[in-house]
Structure formats: C-alpha cells, structure tokens
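> predicted coordinates and the sequence they were generated for:
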Amino acid sequence: APASDTLRAILLMVLSMAAFATADSFIKLNSAHLPASQILTALGLGGTLVFALLSRSRGIPLFSPRITHPAVLARGVSEIIATCGFLLALTLLDFSVASAILQMAPLLVTMGAALFLGESVSWRRWSAVCTGFFGVLIILNPLGSTANLLTANPTGAILAIVGVAGLAGRDLSTRFIPRDVPNLLAATWGFATVIIAGLILVPFGPAWTWPSPTAWAFLLGLVAFACVGYF
C-alpha cells in the first residue's frame, strides 16, 4: 500500500506540474493583451469561485477559525510572493527561460524537507538537487560575459528566483497545515490570496482594459489549468 500511494502521489505531482506549466503559458500569451495585475486578479477570482463551489458542494464551510492557523497564513503569504514574483518574471523573460528557473522549486522543497521537516533524503536525491542547481546556474550564467541573464535582464531573473522561493515556501508550509483543515478549503483561500497579489500589482502596471475575445479565452484556459494543478 505505501508503494502504491507513493506512485500515485508521483503521478499526481507530474500531472500538477504539467497543468501549471500550461497555465503559465496562458499567462505568457495573455501578457500581450492584459496587464499582469488584471491577469492575476482574474485568476484569483476564477479559482476562488471554482473551489468555493467545490467546498460548498461537499458541505465544507468557507469560513472557519482554522483558516487563521499560522501554517495557513504562512502559505497565503508565500502564495502572494510566488505569484507576484513569477508572473512578473513571465512578462519579462522568455517563457523557456522562466520555466527552466521554475524547476528550482522542487529542489528547494527537497532541501527544505531535509532541513525543516526532518525527512530523510538519500545521496541520490542530494546529487539530483546539486545537478539541478548547476543546471539553473548554466541558464543564469552569472559569471559569463555573454548570455549573462543577471546582466541582460536582472529584474526578470531576480523576480523568477523570488517566485521560486515563494513556491517552495508555499509547499513547505502546506505540510504544517493541520489535518482537520480540508484541502478544498485551503485551496479556496489560497486562490483568494492570489486576488490580493493581483491588487498589490495594480499601481505598478498599466490601467486595466476590457478583455478581447482572445484574452477571455486565454483567461478561461488559465483558470481551468491552474485549478487542475491545484486540485
């Protein structure tokens, strides 16, 4: 049973990352049509509505004292940092580069699991973590004279790294959420924090505009794949 549970968890994580990668592509596509803050707010509103309806359909109250648990609040703050950082990075970097930097998140989670959760990490996984960080350094090329991302686009590179740190913090804090807090409730309020992130970015971008049919299609695709990834 434990082996089958582990395999199921691995498959679900692969599906989740694929869904999030697709959602990121919709963010990149829509960045040519709408301000980042508007995309983010729409994502938060759509995701909150979907998971609120799922929660209510299963009899889960949307308002509970448990949502003020420190782990839930830490997850929300991490979500804001991750979403703001990575969405802004997507608007500044090539999608392939931003996605490659995003792959640092599982590496940081593995490190955090060993350092903060006391989990056993084998030398094979430590080797994979070190190899992954080396790969990200190749992409950033901090010491190179050409294709040095930290020189060519420092803002985009730093925002991507901030976003990755937020993602790792979100996943690690999730492990500290009490078991009596339903997953759907945590997801509902996780998307609600995305609305906050979008509103935070409003003063730093152009004014909102009414979405074109193409932008609406991209927004619907974004919400759909982001919800699948969360679920």
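Sure, I can see it. Because the structure is a prediction, the values reported are computed rather than measured. Numbering: from 1, shown residues only.

> and the closest residue to Leu29 other than its chain neighbours, what helix or strand is that in?
With sequence-adjacent residues excluded and distances taken as CB to CB, 6 or more residues apart in numbering, Leu29 is closest to Phe218, at 5.2 Å. Glycine gets a C-beta too; all of them are placed from N, C-alpha and C. Using DSSP states H and E, the secondary-structure element containing Phe218 is helix 213-230.

> got the CA coordinates for that helix in CSV?
Listed next in CSV are the C-alpha coordinates belonging to helix 213-230 (Å, rounded to 0.1, in the frame of the first residue of the first chain):
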residue,chain,number,x,y,z
PRO,A,213,-12.5,37.5,-27.0
THR,A,214,-8.9,36.1,-27.4
ALA,A,215,-8.0,37.4,-23.9
TRP,A,216,-11.1,35.9,-22.4
ALA,A,217,-10.2,32.5,-24.0
PHE,A,218,-6.7,32.7,-22.5
LEU,A,219,-8.1,33.7,-19.1
LEU,A,220,-10.5,30.7,-19.1
GLY,A,221,-7.7,28.4,-20.1
LEU,A,222,-5.5,29.8,-17.3
VAL,A,223,-8.2,29.3,-14.6
ALA,A,224,-9.0,25.8,-15.8
PHE,A,225,-5.4,24.5,-15.9
ALA,A,226,-4.5,26.3,-12.7
CYS,A,227,-7.4,24.7,-10.9
VAL,A,228,-6.4,21.3,-12.2
GLY,A,229,-2.9,21.9,-11.0
TYR,A,230,-4.1,22.9,-7.5
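
> what separates that helix from the chain centre, distance-wise?
15 Å (CA atoms, centre = their mean, to the nearest Å).

> the residue nearest to Leu29 is in contact with Ala32, isn't it?
No: proximity of Phe218 to Ala32 does not meet the contact threshold set by CB atoms under 8 Å, at 9.4 Å.
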